[in-house]
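Q: Sequence first, predicted model second:
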Amino acid sequence: MALKSAIEWTNATWNPVTGCEKVSPGCAHCYAETFAERFRGVEGHHFQQGFDLKLWPDRLTLPLTWREPQRIFVNSMSDLFHADVPGDFVHEVFDVMVAASRHTFLVLTKRPERALAMSDDLPWPANVWLGVSVENQRFTSRIDILRRIAARTRFLSCEPLLGPLNLDLTNIDWVIVGGESGHGARRMQPAWARSVKRQCVSANVPFFFKQWGAFDEGGRRVGKKVAGRILDGRTWDDFPESS
């Protein structure tokens, strides 16, 4: 049975790698690190090593055992293109994604430079989507790198959205926006989310509004469940046609 996920844009997670390191402001309050570090030193726990990078070869074939088609977030607790993940292991992950063609795999990275360096040697079947995190204007350069990779479906995760974005959506197939939640969350200004939504609508790119985060639209810290995910009177749950 697939490992069900509460993340709104996916319904399962698969973590053949766990652990990572901060590379940009969006990482400051990483939910994955916070969760993993709670169990550092707990003997026998999956996160006994905390958020230190770890490969899990025994998890590689898990998606092959899931019969029902799933939309799978790959390495929700890491980054497949982290420099310390051996290239051979990245290839093994891709081999499984190719073999498990009934599923859709969403690979999200903050390290598109490595993805580009490996891209010519990796298969890019239609069921493997590649995305980059873009939390503010400074990191829109990741989008330019993403466009150079032969993934059939390319997407942006603007979460946590930490500033206004002026996006070039050429050859981008999907955009996710969300505010930050959890301890120390930084508020997403409503104007930032609306601007990205308008740019997506104008460019005919599917837009997914994941959440307001810890703060509601009026700026009150109420927690993500209360703040919800209604933007301009409705939910925005658009996906690329290939989904």
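A: Sure thing, it's come through. Residues are numbered from 1 along each chain as shown.
Q: what residue of the protein is the furthest out?
A: residue 43 (29.2 Å; Cα atoms, centre = their mean).
Q: in which helix or strand would I find it?
A: Per DSSP states H and E: residue 43 is located in neither a helix nor a strand.
Q: how close does it sit to residue 36?
A: 15 Å (Cβ to Cβ, to the nearest Å). Where C-beta positions appear, they are placed from N, C-alpha and C, glycine not excepted.
Q: mind listing what the most centrally placed residue in the chain touches?
A: By Cα atoms, centre = their mean, the mean C-alpha position of the chain lies nearest to residue 108, the distance being 4.2 Å. Residues near residue 108 by Cβ atoms under 8 Å, 6 or more residues apart in numbering: 73-75, 79, 131-133, 155, 157.
Q: Next, residue 17: phi, psi?
A: phi -130, psi 140 (degrees, to the nearest 10).
Q: burial measure for it, as a count.
A: 24 (other Cβ atoms under 10 Å).
Q: And the one 4 residues further on, by the same measure?
A: Other residues near residue 21 come to 15 when the count uses other Cβ under 10 Å.
Q: before we move on, what about residue 94?
A: Neighbours of residue 94 (other Cβ under 10 Å): 21.
Q: what helix or strand is it on?
A: Going by DSSP H and E, residue 94 is part of helix 87-99.
Q: next SSE after that helix?
A: strand 104-109.
Q: what's the distance between that next one and the middle of its chain?
A: Strand 104-109 has its C-alpha centroid displaced from the chain centroid by 7 Å (Cα atoms, centre = their mean, to the nearest Å).
Q: List the neighbouring strands of that strand plus their orientation.
A: strand 71-74 (parallel), strand 128-133 (parallel) (DSSP bridges).
Q: residues in contact with the last one?
A: Put plainly, it is strand 128-133. In contact with strand 128-133 (Cβ under 8 Å, 6+ apart) are residues 24, 26, 94, 97-98, 104-110, 112, 115, 124, 139, 142-143, 145-146, 149, 151-159, 173-174, 176, 240, 242.
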